[in-house]
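**Student:** just the structure for this:
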Amino acid sequence: MIAQNEVKNYVPKEVTQQREFLQNYQNYDGRGVVIAIIDSGLDVSLDGMQQTTIGSPKVIDCMDFTGAGNVDTSVIKEFNNNNKNNIIGISGRLLNIPSTWINPSGKWHLGIKSLYELCSEEALKNIIVS
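**Tutor:** The predicted structure is shown next:
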C-alpha cells in the first residue's frame with residue numbers, strides 16, 4: 001500500500017474517502033484490472049501514470065485516436081556514440097531523452113508536424129505571424 005505521504009492529490013481524497021477505503025481494503029486498488037481510456041487529454045508521462053501499487057507498468061499501450069497516422073514516424077534514429085541521452089531530431093534540434101525512459105531497441109521513431117497542418121482554417125485566422 002502507498003504510504004499516506006506518498007499519495008498524490010490527483011483526486012480529492014477527503015470527499016471520495018479514498019484513504020479510508022484503501023486502509024480497509026488494501027488490495028482493492030485496481031490490481032488485475034485492465035481499463036481502456038479513450039481521452040484526448042491523458043498525459044501518460046505523469047508520475048502517477050507510471051507504475052501500479054505493486055510495481056507493474058500502469059500504461060500497457062497508448063494510441064492517439066485524435067489524428068492517428070497524421071504524423072509520419074517512419075524516421076528512426078539511435079543515440080550518437082558520443083552521448084547516450086541525445087539524438088538529432090528531424091528539424092535538426094538536439095533532443096534530450098530522459099535516462100529514465102526505457103527503450104530496449106534503442107531505436108526512436110521521430111515525426112514532425114507543422115502547427116498550420118493541425119489547425120482548422122478558422123483557428124489559423126487567430127494565429128499571429130510576426
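
**Student:** domains in this protein, as residue ranges please.
**Tutor:** 1-65, 69-119 (automatic domain parsing).

**Student:** quick check: buried residues in the host helix or strand of residue 116?
**Tutor:** If you go by DSSP states H and E, residue 116 is part of helix 115-118. By neighbour count, with 16 or more other CB atoms under 10 Å as the criterion, helix 115-118 contains no buried position. The way it works is simple: take the backbone N, C-alpha and C, and place the C-beta from them, glycine included.

**Student:** right, and the helix or strand after that helix?
**Tutor:** helix 121-125.

**Student:** hey, where'd the helices end up in the protein?
**Tutor:** Applying DSSP state H to the chain gives helices spanning 13-16, 18-24, 115-118, 121-125.

**Student:** which residues of this structure score low on pLDDT?
**Tutor:** The chain contains residues with pLDDT under 70 at 1-11, 38-41, 63-69, 81-83, 128-130.

**Student:** so for it, the centremost residue is which one?
**Tutor:** residue 44 (2.5 Å; CA atoms, centre = their mean).

**Student:** my read: residue 30 touches residue 54, true?
**Tutor:** No - between residue 30 and residue 54 there is no contact under CB atoms under 8 Å: 10.0 Å.

**Student:** and residue 95, bridged to which residues?
**Tutor:** residue 87 (DSSP bridges).

**Student:** same thing with residue 109?
**Tutor:** residue 76.

**Student:** export the domains of the chain to CSV and tack on distance to residue 127?
**Tutor:** What follows is these, written out as CSV (distance: least, CB to CB, whole Å):
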stretch, distance to residue 127
domain 1-65, 21
domain 69-119, 7
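
**Student:** which one of these lies nearest to residue 126?
**Tutor:** Of all the domains of the chain, it is domain 69-119 that lies closest to residue 126, at 8.8 Å by CB to CB.

**Student:** centre of the chain to that closest one, how far?
**Tutor:** Mean-position distance between domain 69-119 and its chain equals 15 Å (CA atoms, centre = their mean, to the nearest Å).
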